[in-house]
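Chemist: would you be able to build a 3D model of this:
(2 chains)
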Amino acid sequence: MIQITDMSLRIGQRQILSNITFEVKKGETLGIIGPNGSGKSSLVKVMSRLLIPDAGSVTLDGKPLGSYSSKMLARKMAVVSQEGLAPLPITVEEAVAMGRYPYHGFFRRNTARDAEAIQRALVRTGLEPLACKLLEQLSGGERQRVAIACSMAQEPEVLLLDEPTTYLDIGYQIGILNLVREWQRETEGTAVLVLHDLNLAAQYCDRLVLMESGNITRSGTIEEIMEAKLLADVYGVKPLVVTHPNLLLPQILLERSS
Amino acid sequence: MAVKEGQQGFGKKLVFWLLPLLFVLLLAVVGSVSLGSAQLSFNMVWKIIFSHLPFVPDMEREWPKAAEVIVWNIRMPRIMMAILVGAALAMAGVAYQGVLRNPLADPYILGVSSGASLGAASFILFGQGLAILGQWTLPLVAFVCGIGTLFIVYRLAYIAGKVQIETLLLSGVVVQAFLGAGLSLIMSISGEKMQQILYWLMGSLTLSDWSSGVAVAPYVIVGWFVIMLFTRELNLLALGEQKAHHLGMNVERTRLIVLLAASLTAGAAVAVSGVIGFVGLIVPHIMRTLVGSDHRVLLPVSAVAGAILLIAADTLARTIMDPQELPIGVITAFLGAPFFGYLLRKRRQRFF
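Modeler: Presented below is the predicted three-dimensional model:
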C-alpha cells in the first residue's frame, strides 16, 4: 500500500531521516516506535505529504505520492495527530462533516452519500449522543474521538495515527485503538500507528518498525522487535520482556534502577 | 437527523441576520442622505432615491430641483462609496483573520495600506505633473503600490518553497516599518503639500462621485465573489493548517488566493478613500461574536455591517463639526478603539 525507498529528509542543518526503506502492506497494522527525536513524527509527515523528502521515493497504492492531488490524497489517506481537534465552538457533527471535504468539488453540495458517511463515522466512534455538542464542551479524549470520526468520514484506505494516545488516560487509549481495529476489520483498511507505548504497540500491531536517530534500526514481527537487548540498545533502559498471560504476546516491564 | 440540521442551519442563520441588517442599511442610507448642512426630510429623500431606481416608472416631481441635486449628485454617491468601502474593508478583514488564523489581523497587516500611503504621498509631492489619467492617477498609484507591497511581503516570507504564517506576519512588520520610514521622510520634506497628504492618509469620502464608485465596485464585487468561493476552506482552516492539509486542502494556494482577493478589495478601498482604520478589524470581530465563525454567514453579514458602520461614521464626519468635515479615519478610530477595548475585557472574563 505504501512503499518508501531510500528516503531521506533534511531540515536546515539537521538530518531528520536517512536511508528509510520499508513498506506498509495493504490491510495490515504497522506500528512505528522509537525514542523521542527518532523521527517517527517526521516520517508520518512525509507519508502524509506535509513534508517533502530530499531524496528517495514514496509511493501510495503504486503511484508516487506527489502525483496525487490534495483531495485525491485525502480520499485515500486520513491522518490523526496527537493534539486531536482544538476546543472550537463548532459542533461534533460539523467537525466530522469537514471530513467530507475531499469529496466536494468547487460548487459543493452535501449529498446523501456524505450524510451516510458522517452518520457511520459518528456511530462507529460512539459520538452520536454528542453530535450537537460543541467541541469546546468536550474533554480531550472525546475530542480525540471526534478527530478519528472526522478521519473515518474521509472513508480513507489508510489511517495514519501519530501518537494518538499521548494525552489520553488508559481508558481512552484502549478505546481509540479498539476503534481503529474495528474500522480495519470492517473496511479492510490499512493503519499506521506511531506509538510511544511499546506494550500497546505489541498488542495492536501486526508488525513493528523501530526507529532511532532518523534511521530504521530494525523492522519485523512483534517477537523480533520486542527483544530485551534490542530495546535496551535503543532506549537505554533495561526492560524485562515477559509474555502476556492471555494474549501470549511479548510485553515489557520497566524496573526502577535503584 | 443531526446531519441534516447542520446543513440547513447555516441558510436559516444567514437569513435571520442578513434581513434585519439589510433593513438597517436601508434606513442608514436614507437617514444619512437626509442629514447634513441642508436638512432634508426623510420622506422626501426616500422618494427621490426611489424615483431613481432602475425599474421605477416616472414619478411626479414634488420636490425642489436643488434637493434632487443634493440627494442624488452629492450625497448618494458618497453613501454608495461608504457602502462599497465599508463592505470591502469588513470583508477583507474577515478573510485576513480567517487565513492568518488571528483575530487581531486586519487588512492592513501585510502592508497594503503602508504601500498605498507611501505611493499616494509620493505622488502628491512629486508626481502631480504626471497626472496622465487625470483624477484617476492618484488612486491608481496608491492601488498599485498597495498590491505591490503585498507581493514584496509575500516574496520576503517565501522560504524553502513555503510561506509560514508567522514569517508572513513578521515580514509584514518589517516591510511596514521600512515604508513607514519612507512616508515620514516624504512628509518631512513635503512643505505645503503636507496637509493634502495628511488628509489623504486619514481617510475621506469627500470627493466621491458616481464614476469613482463605478471604478471601485468591480474590485469589491469580484473580491467578494472570490472570497465567498473559499468560505468552506476558511472554515476548515479553523481546525489548523495541518488538519486542513490532511483533509485535502491546498493550504498554500488557498491562502495566496484569498489574501490576494482580500488585498485587491482592501487596496481598491484605500486607493479611493485613504486609510480608514478599524473597520477591517472591529466589524469581523463583532459579527463573529454575534453569528459565530461559519464564514458562509460571517462574510455576507460582515460586509453589510461594515457598510452600515461606515455610513454612520461618514455621517458623523460631515455633520459633527458642521461646516467643517472631519476625516473619516478619525471617527472610526474614536469609535473603534474604545469598543475594541471593551471587547477585549469581555473576552478576558470569558476565560475566567
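Chemist: which positions in the stretch 151-300 of chain B make contact with chain A?
Modeler: Counting by CB under 8 Å from any CB of the partner chain, the residues of the stretch 151-300 of chain B close to chain A are B:161, B:229, B:232, B:235-236, B:238-240, B:242-243, B:245-250, B:292-293. To be clear about C-beta, it is placed using only N, CA and C from the backbone, and glycine gets the same treatment.
Chemist: report the central residue of chain A.
Modeler: residue A:161 (1.5 Å; CA atoms, centre = their mean).
Chemist: give me the phi and psi angles of that one.
Modeler: Here is the backbone geometry of residue A:161 (degrees, to the nearest 10): phi -120, psi 120.
Chemist: okay, and residue 115 sits in which element?
Modeler: Here I'm looking at chain A. Using DSSP states H and E, residue A:115 sits within helix A:112-124.
Chemist: let me rephrase: I mean chain B.
Modeler: helix B:112-126.
Chemist: now swap in residue A:22 and tell me
Modeler: strand A:14-24.
Chemist: helices and strands around that strand, which ones?
Modeler: strand A:2-11, helix A:40-47, strand A:215-221 (3 or more CB pairs under 8 Å, 6 or more residues apart in numbering or on different chains; DSSP states H and E).
Chemist: strand partners of it, parallel vs antiparallel please.
Modeler: Each strand paired with strand A:14-24, and its direction, by DSSP bridges: strand A:2-11 (antiparallel).
Chemist: go through the strand it pairs with and flag the buried ones.
Modeler: Applying a neighbour-count criterion of 16 or more other CB atoms under 10 Å in any protein chain shown, the buried positions in strand A:2-11 are A:2, A:3, A:4, A:7, A:8, A:9.
Chemist: now do stretch B:95-105
Modeler: B:95, B:96, B:97, B:98, B:99, B:100, B:105.
Chemist: just the ones of the residues you listed in helices?
Modeler: Counting by DSSP state H, the buried residues of stretch B:95-105 place B:95, B:96, B:97, B:98, B:99, B:100 in helices.
Chemist: before we move on, back to that, which one of the buried residues of strand A:2-11 is nearest to chain B?
Modeler: Closest approach between the buried residues of strand A:2-11 and chain B, by CB to the nearest CB: residue A:9, at 12.2 Å.
Chemist: state the distance from that closest one to residue B:238.
Modeler: Distance of residue A:9 to residue B:238, given as CB to CB, to the nearest Å: 29 Å.
Chemist: show me the contacts for residue 10.
Modeler: All of this is about chain A. Contact analysis of residue A:10 by CB atoms under 8 Å, 6 or more residues apart in numbering or on different chains lists A:16, A:54.
Chemist: meant chain B, my bad for not saying
Modeler: B:294, B:296, B:297 are the contacts of residue B:10 under CB under 8 Å, 6+ apart.
Chemist: for chain A, state which of those is nearest.
Modeler: Closest to chain A, out of all of the contacts of residue B:10 and judged by CB to the nearest CB, is residue B:294, at 8.0 Å.
Chemist: helix or strand for the nearest residue to that closest one once chain neighbours are set aside, which one?
Modeler: Nearest residue to residue B:294, sequence neighbours excluded (CB to CB, 6 or more residues apart in numbering or on different chains): residue B:10, at 5.6 Å. Counting by DSSP H and E, the element that carries residue B:10 is helix B:2-34.
Chemist: looking at the helices and strands packed on strand A:14-24, which is closest to residue B:279?
Modeler: Nearest to residue B:279, of all the helices and strands packed on strand A:14-24, is helix A:40-47, at 39.4 Å by CB to CB.
Chemist: give the contact list for the residue of chain A found nearest chain B.
Modeler: In chain A, the residue that lies nearest chain B is residue A:74 (2.9 Å; CB to the nearest CB). For residue A:74, the contacting residues are A:101, A:102, A:154, A:156, B:246, B:247, B:248, by CB under 8 Å, 6+ apart.
Chemist: next, count neighbours for residue 248.
Modeler: With no chain named, the answer covers chain A. By other CB atoms under 10 Å in any protein chain shown, the residues close to residue A:248 number 7.
Chemist: think we crossed wires, I meant chain B
Modeler: Residues near residue B:248, counting by other CB under 10 Å: 25.
Chemist: not counting sequence-adjacent ones, nearest residue to it?
Modeler: residue A:74 (2.9 Å).
Chemist: now swap in residue B:101 and tell me
Modeler: residue B:237 is the one closest to residue B:101 (CB to CB, 6+ apart), at 6.2 Å.
Chemist: distance of the one you found from residue A:169?
Modeler: Taking CB to CB, one finds residue B:237 at 30 Å from residue A:169.
Chemist: between these two, which is the more surrounded one?
Modeler: residue B:237 (22 against 12).
Chemist: residues contacting that one?
Modeler: B:98, B:99, B:101, B:244, B:249, B:251, B:254.
Chemist: so which of the residues you listed sits lowest on pLDDT?
Modeler: Checked by pLDDT, the contacts of residue B:237 have residue B:101 as the lowest-scoring entry (87).
Chemist: contacting residues for it?
Modeler: B:165, B:237, B:238, B:240, B:241.
Chemist: which one of these is nearest to residue A:145?
Modeler: Scanning those for proximity to residue A:145, where the rule is CB to CB, the winner is residue B:240, at 17.4 Å.
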